[in-house]
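Asker: got a predicted structure plus its sequence, pasted below:
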Amino acid sequence: MPYLQISNVSKSFGTFQALKDVSLEIEEGKFVCFLGPSGCGKTTLLRAIAGLDIQTSGRILQGGRDISALPSSQRDFGIVFQSYALFPNLSIADNIGYGLKNSGKSRKEVAARVAELTELVGLKGQERKYPSQLSGGQQQRVALARAIAMAPGLLLLDEPLSALDARVRLHLRSELKSLQRRIGVTTIMVTHDQAEALAIADQLVVMNQGVIEQVGTPQEVYRNPKTAFVADFVGHMNFLRAEVVGEGNVQVGGLILAAETGGLPAGEIVSLCFRPEDIQVRGIAAGNKNTIEVRIEEMEFLGTFYRADLALNGPTSPRVMADFSMNAARDLALEPGKIIPIAMPADRLRLFGEKRG
Ligand code: ATP
């Protein structure tokens, strides 16, 4: 049985429907990311799970218990917000121990647990300080320690890393993941940052306009996006307008390419999608049907690879983004202005109808 079972949850604010009949199951111990653009409903779903907002309709079960109508105070979760939301007038130790103290634990028990938690989140030695004396990243560690202090069944994280600067954010992200793995708590994190979600999640839930577009591991969602929205939102993707010109063939800007057309009729207008890293520039098999000549318009050095802007067929033709390794760029002396052959493996080309999906 899944640990968290969300069935047909809808939520309206006045006439606006923020969640539309959302169903989702989450296994115990997983790290799940709700990923989507601003306003897609991910925070609303998190808040419904926490009971901070009650859904308009639908059911939520946690550990087999129907929590749909329970007030937040009677649910079993810890939560961390983007704004650290610490008590400014309490020390770090008292912030972390706040819930423990209120639950009637003895001073000794609270002190022991706080010591354990400060160690766990890497704040040993900071116990007597106040929130204003800590950096943003440290404050978020305090918020995290406070959220897991009562050993909740569910840890909810609402954009917990968004307020931090890039380096701290990366560091805390990997610590968060290893902490979650160590304590094994089922975790849901809301984020609009696809790179963050890909890096940290066991399972991604991609949302758009109040519905779930796709659920899967980061690898599944990246490699096999089910809708044009997911293809576009997760990772980088080239989208070209194309026309089906018969079984297994599409036409793009005057070129005929082999692609799996999956029974679409000739004349159908589709979006042809492929990832920048799927474009081959070396080791192209002789006779590869999708080998074409392109002109390198621009090349951007991105540290471990180059991202090139290619013109498919003359300067006014469609442009595509391609990633080239450092070795390929050096061996082939790739540079702007050069005309080169590239191949687009047919099994990596994906077609979506002009309408979504
Ligand atoms: P963000 O990353 O911007 O927070 P989100 O995906 O978390 O985006 P939600 O906060 O879930 O989005 O909001 C979904 C939609 O519901 C938005 O259009 C928002 O304006 C609307 N909404 C959220 N809370 C309320 C509210 N209390 N009253 C009215 N509308 C709301």
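Answerer: Great, that's in hand.
Asker: not counting sequence-adjacent ones, nearest residue to residue 231?
Answerer: Distances taken as CB to CB, 6 or more residues apart in numbering put residue 225 closest to residue 231, at 3.9 Å, once the chain neighbours are dropped. C-betas here are computed from N, CA, C, even on glycine.
Asker: got a list of what the one you found touches?
Answerer: Going by CB atoms under 8 Å, 6 or more residues apart in numbering, residue 225 touches 214, 231, 234, 237, 350.
Asker: now it, what are its backbone angles?
Answerer: phi -60, psi 130 (degrees, to the nearest 10).
Asker: mind checking how far it is from residue 237?
Answerer: Between residue 225 and residue 237 the computed distance is 8 Å (CB to CB, to the nearest Å).
Asker: and for these two, which residues touch both?
Answerer: residue 231.
Asker: residues contacting the residue of the stretch 51-200 of the chain found nearest the ligand?
Answerer: Residue of the stretch 51-200 of the chain nearest the ligand, by CB to the nearest ligand atom: residue 192 (5.0 Å). Applying CB under 8 Å, 6+ apart, we find residue 192 in contact with 35-38, 42, 159.
Asker: could you do residue 48 as well?
Answerer: The contact partners of residue 48, taken as CB under 8 Å, 6+ apart, are 9, 11, 19, 54-55, 60.
Asker: just the residues you listed: which are in strands?
Answerer: 9, 11, 19, 60 (DSSP state E).
Asker: was I right to think the last one contacts residue 50?
Answerer: The one in question is residue 60. No. In this structure, residue 60 is not within contact of residue 50 by CB atoms under 8 Å, at 9.9 Å.
Asker: how near is the residue most central in space within the chain to residue 33?
Answerer: Residue closest to the average C-alpha location in the chain (CA atoms, centre = their mean): residue 197, at 2.9 Å. Applying CB to CB, the value for residue 197 to residue 33 is 4 Å.
Asker: please enumerate the shared neighbours of the two.
Answerer: What both residue 197 and residue 33 touch, as defined by CB under 8 Å, 6+ apart, is the set 189, 191, 204.
Asker: buried subset of those?
Answerer: 189, 191, 204 (16 or more other CB atoms under 10 Å).
Asker: now those in CSV, with pLDDT and secondary structure?
Answerer: Listed next are these as CSV, based on pLDDT from 0 to 100; DSSP: H, G, I helix; E, B strand; the rest coil:
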residue, pLDDT, secondary structure
189, 98, strand
191, 95, strand
204, 98, strand
